[in-house]
Structures are given as structure tokens and as C-alpha cells.
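Asker: fold the following, please.
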Amino acid sequence: MRFTTMRWARCAWAVLGVSFLVLATAATAELESVAVGGEIRIRGNYWLNSFNSGSAPGLVANRVRWGAAPVTGRPMGDLFGDGRVRSHFDWSDDGNDYAVVEQRVRLCLRAEFTEDVAALIELDAFDMWGEDFRSNYVTGVDVAARSDDDIEVFQAYVDMCDVFGVPLRLRLGRQEIEWGDGWLLGANADFPEATGLSFDAIRATYSGDAFEMDAFLGKLAERSPLEQDGDTDLYGLRGMWHATDALDVDLFWLWLRDASSVADTDGPLVVEWMEDLVGVDDYECTNLHTIGLRLSGMAGAFDYDAKAAYQFGDAAHVGALFAPYTYGDDDAEYDAWAADLEAGYTFDAAWRPRWALGAAYVDGEDRRDLSFAEWANPFAPLLPGRASVSFNRLFTSVSYSPIIDEMGELSNFWSVRTGVRVTPTEKVEAGLDVAYFGVLEAFDSPISLRVGPVRVVTRTLVFWTQESGSDIGWQTHLWAKYRWTDDLVISAGWARLFTGDALEDGAFVDLNGLMYNGGTDDCDADYVYVQSTIRF
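Answerer: Take a look at the predicted model:
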């Protein structure tokens, strides 16, 4: 395994070397033109009865829902290392609501050279209103604003087209990469509080009349010299074929390799030898492979978009989280499916109404139960855990809900949806969407008696559980856009989530199926937003 991946790494460096040779030959290109552009996006967000009150402005708190005692010995996938189960959500009207105004500013400069060479540099800053005000109105003291998180180099790359006299584009540097509609690989630009996403990568794109091939090698984390082979890398290969207007075929493969070291213990040599002997604490690299297919197109007034993906490979970094006592699951593997289908029909009538029907399935796993035999086993603290590995949404730009999937991290769920969109004028567009969400693998929660927001539980018979609900609930989303000019767009919307028993009971659907989403009540939740975007 290590030898194979190291050969891949050497190939990557070889490609990098060739790329810089090509770049050196283009160094004699002369500057022809320079263009400056950018974007200012301001968005006000208000969530009602949704998130826990944060410990600081612009933050959501993680509150304990189950203490360590009622889940002792159960493989929970503890993200915080203290054995307790937390949630971002409260589904209650008792605490504070969450309201922030976000602003993202992008400034881009693109230089065109001769010899089919171009360079782009884009800076961006993402802030919440009120973060950097420079004055204390009580004392009148004005101080420098905190600026360590203000301006970032979001993109900086060199483009070389028609490399070697063929329709091949080579792009080197930090860049956005969005495949298709960004279902699994996107720029993360359309969520509430979306900061954007770019990759340090080498990318090659070969374009033909009716097809395109795209490949890239990206560096997500560099850990040299701390580890000899400990980087996190992302590789991608995609082929697109435009068969007809009614059929576009998109086939892709993504490989995420995380070679950072994972260990349950770091003891004396004799302890490590004994662990090897019994087969625990023996983690390999995480190798997450995702293969997928997308079919889309239009036939008259009918349009459709169908996507499916399968994930497989070693899940070491997820398995290490499932350590009920000492050892995690060093045999954890990805083995999950995801699919999304939407079909729409646009009526030839006033306001051009489009009606759509869709569904989504994102595979999940919940093996967090504990049998009586496992609970009574005196050797349980020496045994490895049992991981629950759900589908990883990777770097998606798709959000199924601004309330329960506000950052595109919802997994272990299924959904059906419908909606209608109308265009009363060339400048105005509006719509109403309705969706239902359900849990695929429900959580076996400890037996408890609920008294208001407090759960009274048994601290000894932790194998005694009850299956939580699987009904997340219904969501409506009413929205409108007004295109003031070609460059300025104003949009607003209101989403309401009618909560089901799965939100009061809680399930592991958040953060790619690794975090609980239970609250302290079952109040319906709302999300309201207003946004303005201007590009120049």
C-alpha cells in the first residue's frame, strides 16, 4: 500500500516538474492586457429555534446531550475525546436565536500574455459585521482592528492554453475546482456563511468538440518534515461527453489520501509489540475513493439531472474516533452510496412556471448499540471499537436545507422534494420548495425519562436502549430574486422546518454522520435571509 502510494507521489512530482518546464518556456511571453474585477456579497441570516447559543458572536456552541455515563462502552465516534455526546442544535425557544450579517469581498486581477499564457490573482475577505470595529464607545478609545483573519489569497494560478499545440490547458496554483453542479466537488460559495473553497493544485483539461477530460492533483495538507509520508492529498479524474442536448454524460473519480499518523497509544516497545500481536492500534492511511456518474440534459420543456456515487476504501481517521475504551476501529472502511435525481418541466404559459420533483439518498451507518454480552464482557476495555462510517459529502456546494444542512454536511438521510419556480418579469424570479427528510439509520438512545429539557437516565444498564425516531420533518422554502441590473442581484427567502421526532430524539446525521443533532425540545425552526450580490 505504502509503496504504491509513494509511486503515485513521485508521478505527481514528475508532472509538477514538467509543468514548471512548460512554464519556463512561456516566461518570454509579453503582457497584453490586464482586467480587474470582483464581488461584494452581503447576507443577513436569522435562525429561530435552531442552534445553541454560541460562546462568542458568530459562533454556535456544542452542548452536551448525553453525558459519558449512559453511553460508557458504546462506540460513539467521539469528536471531542471526553466520551460525551454533543449537538449544535437545540430545537427550543428558550435560548437565544442566532442572527449574523456576513460579508464576503473578492478582488480579482487577471493578466493576459502572448503565447496563450494568463495569470490570475484573487484576494478575498470574509467577515461578520461588528467583528472589526475599532472603537470602544464607552471609553472613546480607538484601537487597531484584529486583522489576522481578514485578507487571504483565495486564488493565484497560471494558465497555459494549447500546450504542445493541442487543445490542452494547464493550470498551476491555488484555484477553484467545481465539477458539474458541485455535488461533491465545488467552490462552497452559496451556503449561509459560505467562505468559499479553493485548492492548491495542478490541473490539466483537454477539450474536444463534444468531450472534455479533466485531471488534477491537489495538496490539502503538508506535514513535512514532521512526517515522512504524512500529507493529505486529493486526486481527481473526470470525463465529460456531450452526446446530444438531451444527454450529457459525466463520469468522475476522486481519491482522498490522508497519510497523517493515527494511533490509539504511544507506549513502550513491549506494549506496541503486544498490540501488534493481538491486532489492535494498526492503522493504515485513509484512502477514500469516490466514483460517480451524472446524466443530465433537456428535451423540449423537460429537463433532468441524475447523479450517483459510490465510496470505498480505508477509513482510518474515522475509525480512530470509535474508541469506547482504548482502541478504535483500525479495520473501518468506506462502503456507501449516494444519489440525487431531479426532473422538471417548464410550462409554455405566463410567468414560465417550472415544476420539479426530486429525491436524494445519502447512505449512512449507525452501529452505536451495545449488546448485553458486550456490556458484560470483562475484556471489553481491551477490544477495538466498531465504527459507523457514513457517506462523506467531501467538498460539496449543494445544501439540501439551510437549517439542518447549512454547510453541506448532512449524511445518513433520505429526502423527497418538489417545487415550483416562476418568472413574472425578466428581472424577477420566485419559487416555493417543499421537502421531507428522514433518517436512514436511527440511533439507539439510552432509556430515559424526559422532564422538560432534562433526561433522567440509568448510569449502569447502558445496554438498555430504545430506538430513536427517524422522522426529521418537513421543510418549506419560499424565495425570490430581483435582478436590479446585470451585475446587482437582491434575493430573500424564508425556510420553515416542521420538526419530527428524529430531531427531538436525535440522530447521527450531522458532520457526515459523525455528530448528533438532538435538542432539548421539538419546536419548529425558521430561517430568514436577505442577500445582495454585486459583481464588477
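
Asker: for the rest of this, base every contact and every neighbour count on C-alpha atoms.
Answerer: Will do.

Asker: all helices of the stretch 351-500 of the chain, in order?
Answerer: 372-376 (DSSP state H, counting those that start in this stretch).

Asker: strands along that one, start to end?
Answerer: 354-362, 413-422, 428-439, 444-446, 448-451, 454-457, 465-467, 471-483, 488-499 (DSSP state E, counting those that start in this stretch).

Asker: so which of those strands is the most packed in?
Answerer: strand 444-446 (a mean of 22; mean count of other Cα atoms under 10 Å).

Asker: about what we covered before: now tabulate the strands of the stretch 351-500 of the chain in TSV and tack on distance to Leu184 and mean pLDDT.
Answerer: Formatted as TSV, the strands of the stretch 351-500 of the chain follow (distance: least, Cα to Cα, whole Å; pLDDT from 0 to 100):
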stretch	distance to Leu184	mean pLDDT
strand 354-362	12	98
strand 413-422	16	98
strand 428-439	20	98
strand 444-446	30	90
strand 448-451	38	73
strand 454-457	38	72
strand 465-467	31	86
strand 471-483	23	97
strand 488-499	24	97
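
Asker: with distance to Asp314 as new columns, can the ones you listed be given to me in JSON lines?
Answerer: Output for the strands of the stretch 351-500 of the chain, formatted as JSON lines (distance: least, Cα to Cα, whole Å):
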{"stretch": "strand 354-362", "distance to Asp314": "19"}
{"stretch": "strand 413-422", "distance to Asp314": "22"}
{"stretch": "strand 428-439", "distance to Asp314": "25"}
{"stretch": "strand 444-446", "distance to Asp314": "26"}
{"stretch": "strand 448-451", "distance to Asp314": "36"}
{"stretch": "strand 454-457", "distance to Asp314": "36"}
{"stretch": "strand 465-467", "distance to Asp314": "29"}
{"stretch": "strand 471-483", "distance to Asp314": "30"}
{"stretch": "strand 488-499", "distance to Asp314": "35"}
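
Asker: and Val318, how many neighbours?
Answerer: 23 (other Cα atoms under 10 Å).

Asker: that one reaches Ala332, doesn't it?
Answerer: Yes. Using Cα atoms under 8 Å, Val318 is in contact with Ala332, at 7.4 Å.

Asker: list the residues that contact both of those two?
Answerer: Ala387, Val389 (Cα atoms under 8 Å, 6 or more residues apart in numbering).

Asker: Gly83 is nearest to which of the strands of the stretch 351-500 of the chain?
Answerer: Minimum separation from Gly83 across the strands of the stretch 351-500 of the chain (Cα to Cα) falls at strand 444-446, 14.2 Å.

Asker: direction included, what does that closest one pair up with?
Answerer: Here strand 444-446 has these sheet partners by DSSP bridges: strand 465-467 (antiparallel).

Asker: for the strand it pairs with, which outside residues touch it?
Answerer: Under Cα under 8 Å, 6+ apart, the answer for strand 465-467 is Asp369, Ala442, Phe443, Asp444, Ser445, Pro446, Ile447.

Asker: equivalent analysis for stretch 231-239, please.
Answerer: Under Cα under 8 Å, 6+ apart, the answer for stretch 231-239 is 211-224, 250-260.

Asker: mind checking how far Leu488 is from Ala125?
Answerer: Distance, Leu488 to Ala125, using Cα to Cα, to the nearest Å: 19 Å.

Asker: again with Val451
Answerer: Using Cα to Cα, we find Val451 at a distance of 46 Å from Ala125.

Asker: ditto for Ala118
Answerer: Noted for Ala118: a distance of 24 Å to Ala125, by Cα to Cα.

Asker: show me which of these two is the more surrounded one.
Answerer: When neighbours are counted by other Cα under 10 Å, Ala118 and Ala125 differ, and Ala118 comes out ahead with 21 against 17.

Asker: pretty sure the more buried one contacts Glu112?
Answerer: Yes. Counting by Cα under 8 Å, Ala118 does reach Glu112; the two are 4.5 Å apart.

Asker: please point out which parts of stretch 306-317 sit buried.
Answerer: Neighbour counts over stretch 306-317 (16 or more other Cα atoms under 10 Å) mark Ala306, Lys307, Ala308, Ala309, Tyr310, Gln311, Phe312, Gly313, Asp314, Ala315, Ala316, His317 as buried.

Asker: can I get it in PDB, CA atoms only?
Answerer: Only the C-alpha atoms of stretch 306-317 are listed here, as PDB (Å, rounded to 0.1, in the frame of the first residue of the first chain):
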ATOM      1  CA  ALA A 306     -29.400  12.400 -12.200                       C
ATOM      2  CA  LYS A 307     -26.300  11.700 -10.100                       C
ATOM      3  CA  ALA A 308     -25.000   8.700  -8.200                       C
ATOM      4  CA  ALA A 309     -21.700   7.900  -6.400                       C
ATOM      5  CA  TYR A 310     -20.100   5.100  -4.500                       C
ATOM      6  CA  GLN A 311     -17.400   5.400  -1.900                       C
ATOM      7  CA  PHE A 312     -14.900   2.700  -0.800                       C
ATOM      8  CA  GLY A 313     -11.500   2.400   0.800                       C
ATOM      9  CA  ASP A 314      -9.800   2.600   4.200                       C
ATOM     10  CA  ALA A 315     -11.400   4.900   6.800                       C
ATOM     11  CA  ALA A 316      -8.600   5.000   9.400                       C
ATOM     12  CA  HIS A 317      -9.200   8.600  10.600                       C
END
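
Asker: centre of the chain to that stretch, how far?
Answerer: Relative to its chain's centre, stretch 306-317 lies at 14 Å (Cα atoms, centre = their mean, to the nearest Å).

Asker: poorly predicted segments of this protein, please.
Answerer: Counting by pLDDT under 70, the chain contains low-confidence ranges at 1-28, 54-58, 452-454, 458-459.

Asker: ok, which pair from the contacts of strand 465-467 is furthest apart?
Answerer: Longest distance between any two of the contacts of strand 465-467 is 14.7 Å, between Ala442 and Ile447; criterion Cα to Cα.
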